[in-house]
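>>> Could you work out the structure for the sequence below:
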Amino acid sequence: MTAMTSHILDYRLMAGEGIASTASATEKRSARFLRAGMLIVVAVLLAACSKLVTLQANLKDADANEIVLVLTQNAIEVEKIRDKEGVTLMVDESDLSRASAAMNAAGLPRHDAASLGEVFKRQGMISSPLEERVRYIYGLSEELGFTLQQIDHVITARVHVVLPERVAPGEPILPSSAAVFVKYRPPLDEDAIVPSIRNLVAASIPGLAGGKSEDKISVVMIPTELPAPSIEWTTVGPFKVQAASARALVVTMIALIVLALAGGVVALIEVSKRNKRLGAVMAKLTAPGKALLAAMRSRTNKRPADGQRA
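Numbers count the residues shown, from 1 in each chain. Next comes the predicted model:
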């Protein structure tokens, strides 16, 4: 009896250990999947969350728009904030170094230089002859530059005027001259437009009419570089990609999710099959013990009946 009981207990222990090991393995796999899912969620949340930092502050609206254009072409998101002191540009902290490099490469922001009108701004009741002369030259240059900007394809124009002036008593008077800078957007026929610019400037500045205007008026024509084709960017979840690649990224992400789910389902099916096979093995191993238990119970039940008969 003792031997049979010990065998039965051994079978029970073996079955219990097998079931416990199976449950432990299943729990470990579930814990791994849960940890992996939590890590993915945390990574996505961290990627989606970003800290904005100040890139430039107290900018003019034109300068801010120029910087925004350059950063947008480099796939850098920028936020404009207007206040009383000017425009502030904010970017993600992770994009700060790239934004600074893009601005340095484009020579932005441009440094403001004081014009003659600002230097010789009227401040008192009486102006000196030099101040009056400078204001006249500045006003004349501004008017000529504004007129030249009315020409088609001209982006900006500057005119620097030198009026006749006697350096010292007895010295000859320096003749008038002018220098014209024109920045234009192609197409523009320089051979046809430069003579017209010289004639316009010569007729507008005292002392330049008559004679060879080429010797008195210098014209510099600079074509602007065509802007690079803009790249459209869009956001897919926490990722920033080109608009043309967004669809492919979405399809790829969906395929990866489907594969991950399929892998999880296959893993669960394999675990279920292993549990069934393990259960069948445990049933075979415990069958002799169950038979012995049944035999012991039947003998135990027969003994009281035999005693009663006796």
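>>> Mean confidence (pLDDT) on stretch 159-168, please.
What stretch 159-168 shows for mean pLDDT is 79.
>>> Now do that stretch: everything it contacts.
133, 137, 140-141, 144-145, 148, 172-181, 201, 205-207 (C-beta atoms under 8 Å, 6 or more residues apart in numbering). From N, CA and C alone the C-beta is placed, and that goes for glycine too.
>>> can I get the CA coordinates of it in PDB?
Provided in PDB are the C-alpha atoms of stretch 159-168 (Å, rounded to 0.1, in the frame of the first residue of the first chain):
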ATOM      1  CA  VAL A 159      21.300 103.800 -56.900                       C
ATOM      2  CA  HIS A 160      24.400 105.500 -55.300                       C
ATOM      3  CA  VAL A 161      24.700 109.100 -56.400                       C
ATOM      4  CA  VAL A 162      27.800 111.400 -56.300                       C
ATOM      5  CA  LEU A 163      27.000 115.100 -57.000                       C
ATOM      6  CA  PRO A 164      29.500 117.700 -58.100                       C
ATOM      7  CA  GLU A 165      31.700 118.900 -55.200                       C
ATOM      8  CA  ARG A 166      34.800 121.000 -54.800                       C
ATOM      9  CA  VAL A 167      37.200 119.200 -52.600                       C
ATOM     10  CA  ALA A 168      39.300 122.400 -51.800                       C
END
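>>> ok, and for it, which residues are buried?
Using 16 or more other C-beta atoms under 10 Å as the test for burial, stretch 159-168 gives 159, 161-163.
>>> buried ones in the helix or strand residue 130 falls within?
Using DSSP states H and E, residue 130 falls within helix 129-148. Within helix 129-148, the residues scored as buried using 16+ other C-beta under 10 Å are 131, 134-135, 137-138, 140-141, 144-145, 148.
>>> Turn those residues into TSV, including pLDDT.
Converted to TSV, the buried residues of helix 129-148 look like this (pLDDT from 0 to 100):
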residue	pLDDT
131	79
134	81
135	83
137	86
138	86
140	87
141	89
144	91
145	90
148	93
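>>> from those, which is closest to residue 78?
residue 145 (31.2 Å; C-beta to C-beta).
>>> ok, the closest one to residue 160 distance?
To residue 160, residue 145 is 10 Å away according to C-beta to C-beta, to the nearest Å.
>>> and if you look at residue 183?
When residue 183 is compared with residue 160 (using C-beta to C-beta), they lie 15 Å apart.
>>> What of residue 141?
From residue 141 to residue 160 the distance is 6 Å (C-beta to C-beta).
>>> what are the ranges of the helices in the stretch 51-200 of the chain?
For the stretch 51-200 of the chain, the helices defined by DSSP state H, counting those that start in this stretch occupy 61-73, 96-106, 116-119, 129-148, 190-204.
>>> quick revisit: quick one: the buried residues of stretch 159-168 as JSON lines, columns for distance to residue 297 too.
Shown next, in JSON lines, are the buried residues of stretch 159-168 (distance: C-beta to C-beta, whole Å):
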{"residue": "159", "distance to residue 297": "119"}
{"residue": "161", "distance to residue 297": "124"}
{"residue": "162", "distance to residue 297": "126"}
{"residue": "163", "distance to residue 297": "129"}
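>>> And those residues, which is closest to residue 280?
The nearest one, if we look at the buried residues of stretch 159-168 relative to residue 280 and count by C-beta to C-beta, is residue 159, at 99.0 Å.
>>> What sits closest to that closest one if chain neighbours are left out?
Excluding the flanking residues, the one nearest residue 159 by C-beta to C-beta, 6 or more residues apart in numbering is residue 144, at 4.1 Å.
>>> Who are the contact partners of that neighbour?
Residue 144 touches 157, 159, 161, 180, 200-201, 204-205, counting by C-beta under 8 Å, 6+ apart.
>>> So which of the residues you listed is the closest to residue 66?
Relative to residue 66, and with distances defined as C-beta to C-beta, the nearest of the contacts of residue 144 is residue 157, at 18.7 Å.
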